[in-house]
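K.L.:
Predicted structure and sequence below. I'll ask about it afterward.
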Amino acid sequence: MKDLGTLSYFLGLEVTSSSDGYYLSQAKYVSDLLSKAGITNNKTISTPLEYNVKLTPLDGEPISDATRYRQLVGSLIYFTVTRLDISHAVGMVSKFMDGPRFVHYAAVLRILRYVKGTFYHGLHYSSWSSLELYAIQMRTGQVIRLIDALSQVFVSCWPTATPFYCDNRSAIYIAHNDVFYERTKHIEIDCHITRQHLKKGNLKLFSISSAD
């Protein structure tokens with residue numbers, strides 16, 4: 001294995017890191033896709049599908065080059081890694097891989113025209129995230145169930161606090177803090193179980209380096 005340094009580009013996926021978190025996009029990947037599709041000069045469009053569109057296997061005439069259709073749709077499927085907003089539209093056109101027709105192909109081109117106008121959209125993974133908190137809540141439940149199971153065979157784990165390690169200081173702070181702010185109100189339920197056992201002294205949270 002070889003250390004290639006900080007991740008910036010891998011298999012068409014561009015990764016930009018900052019103090020705010022990570023931003024994932026596929027701008028170069030979709031640029032190449034638009035060039036292959038020959039619609040770099042086409043006008044953009046505001047939605048990936050027409051309103052209330054319904055596509056069926058027998059719409060219109062069959063296209064002569066089904067391979068090109070499959071390649072474009074396959075590329076769009078990979079593009080949904082960072083573009084969840086086109087997932088529904090791509091899912092619809094992917095149903096007709098076996099026998100694509102001109103109506104289906106037109107729908108694919110519409111998706112590409114929409115993508116052309118939203119070129120640099122992607123996913124932002126904020127450094128202020130509730131995912132560490134979700135992990136703590138899940139592990140709390142597992143620890144409590146394990147301790148209860150041990151108590152059934154007369155192995156007492158309490159009153160000693162069970163050590164609990166987490167590499168996210170923000171998550172540890174929120175788990176201890178009774179005050180919820182605007183950005184954390186939606187995760188109150190996930191903290192409740194952990195906070196309850198912290199107050200009882202059943203658990204004790206420790207900070208640990210991510211490297212460890």
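P.N.:
Right, received. Where do you want to start?
K.L.:
What part of the protein, helix or strand, is modelled with the least confidence?
P.N.:
When each helix and strand of the chain is scored by mean pLDDT, DSSP states H and E, helix 188-200 comes last, with a mean of 74.
K.L.:
Domain-wise, how is the protein divided?
P.N.:
Annotated domains of the chain cover 9-124, 129-207 [automatic domain parsing].
K.L.:
Of all those domains, which one comes closest to residue 2?
P.N.:
Each of the domains of the chain has some distance to residue 2 by Cβ to Cβ; the shortest is domain 9-124, at 13.6 Å. For glycine as for every other residue, the C-beta is placed from the backbone atoms N, C-alpha and C.
K.L.:
average pLDDT for that closest one?
P.N.:
Domain 9-124 carries an average pLDDT of 89.
K.L.:
With stretch 171-179 instead?
P.N.:
75.
K.L.:
show me where this structure has strands.
P.N.:
Counting by DSSP state E, the chain has strands at residues 9-10, 13-18, 21-25, 123-126, 162-166, 203-207.
K.L.:
count of neighbours near residue 108?
P.N.:
Residues near residue 108, counting by other Cβ atoms under 10 Å, number 22.
K.L.:
contacting residues for it?
P.N.:
69, 72, 73, 76, 93 (Cβ atoms under 8 Å, 6 or more residues apart in numbering).
K.L.:
between the residues you listed, which is nearest residue 138?
P.N.:
Closest approach to residue 138 among these (Cβ to Cβ): residue 76, at 34.0 Å.
K.L.:
Enumerate every residue touching the residue nearest to the closest one when sequence neighbours are not counted.
P.N.:
Nearest non-adjacent residue to residue 76, counting by Cβ to Cβ, 6 or more residues apart in numbering: residue 90, 4.7 Å away. When the contact criterion is Cβ under 8 Å, 6+ apart, the partners of residue 90 are 73, 76, 77, 79, 80, 111.
K.L.:
The domains of the chain: which one's closest to residue 3?
P.N.:
Smallest distance to residue 3 across the domains of the chain (Cβ to Cβ): 13.9 Å, for domain 9-124.
K.L.:
picking up where we left off before, of all pairs in the contacts of residue 108, which one is the farthest apart?
P.N.:
Spanning the widest gap among those are 69 and 76, at 10.8 Å by Cβ to Cβ.
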